[in-house]
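Peer 1: show me the folded form of this:
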Amino acid sequence: MDMDFESKRKALLKDLSSLKRESSIKRKLSSIKNSKNTEENDPEQKPLVSHSKPAIAVYGNQSFFMRSFLQSLKNLCDITFSEQNEQIINQCLEKSYSAILIDMDEPTDWRMSTDIFSSVKTINPHQRFALLTSKPDDPNVEVLLHRGAVLIRKPVNIGELMDFVKA
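Peer 2: Below is the predicted model:
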């Protein structure tokens, strides 16, 4: 059963990687095309400064913590939330996020959290992740911390979290 899971995981990572490459190429071509059109129409035009909310993706199972956490962030961030790991991975292929926040405590399954981290890091090694947990010594948390994630302890200090998201 572990071999079947591992082979499916590797196939998914390979598919995601190729989709990301195709999407990236299309965006770059579109950006170059739009840039040339803008320069031709108005060479003096400067980009507008945006004061929009930072976009974040949040993964975790519905719980009291997750509901109150999302409620406290709704006015501060543009939030994409899902309980489905494949949905979050696909969202990360389609959109750029300032950070991806992953709940590592029960009832969220740490294996799915690890899968999201691994899949997205394979496609976008510079993507920033924060792990939300009350158990920083958990071996599953430590593995992801060593691979580049940042620890945000529960109860979450929203100011600290926003400093990370905006950095």
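Peer 1: list of residues touching the one helix or strand residue 144 maps to?
Peer 2: Taking DSSP states H and E as the definition, one finds residue 144 inside helix 139-146. Contacting residues not belonging to helix 139-146 are listed as 104, 110, 113-114, 117, 129, 131, 133, 135-136, 151 [CB atoms under 8 Å, 6 or more residues apart in numbering]. Bear in mind the C-beta positions are built from the backbone N, C-alpha and C, glycine included.
Peer 1: now, which of the residues you listed lie within strands?
Peer 2: Among those, the ones falling in strands (DSSP state E) are 129, 131, 133, 151.
Peer 1: let's have those residues in a markdown table, adding neighbour count and distance to residue 160.
Peer 2: Listed next are the ones in strands among the contacts of helix 139-146 as a markdown table, based on neighbours: other CB atoms under 10 Å; distance: CB to CB, whole Å:
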| residue | neighbour count | distance to residue 160 |
| --- | --- | --- |
| 129 | 23 | 15 |
| 131 | 25 | 13 |
| 133 | 24 | 14 |
| 151 | 14 | 11 |
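Peer 1: related to what we said a few turns ago, any idea how far the helix holding residue 144 is from the chain center?
Peer 2: 17 Å (CA atoms, centre = their mean, to the nearest Å).
Peer 1: how about the helices of this protein, start to end?
Peer 2: Remark: helices assigned in the chain by DSSP state H are 2-41, 64-73, 85-94, 110-123, 139-146, 158-166.
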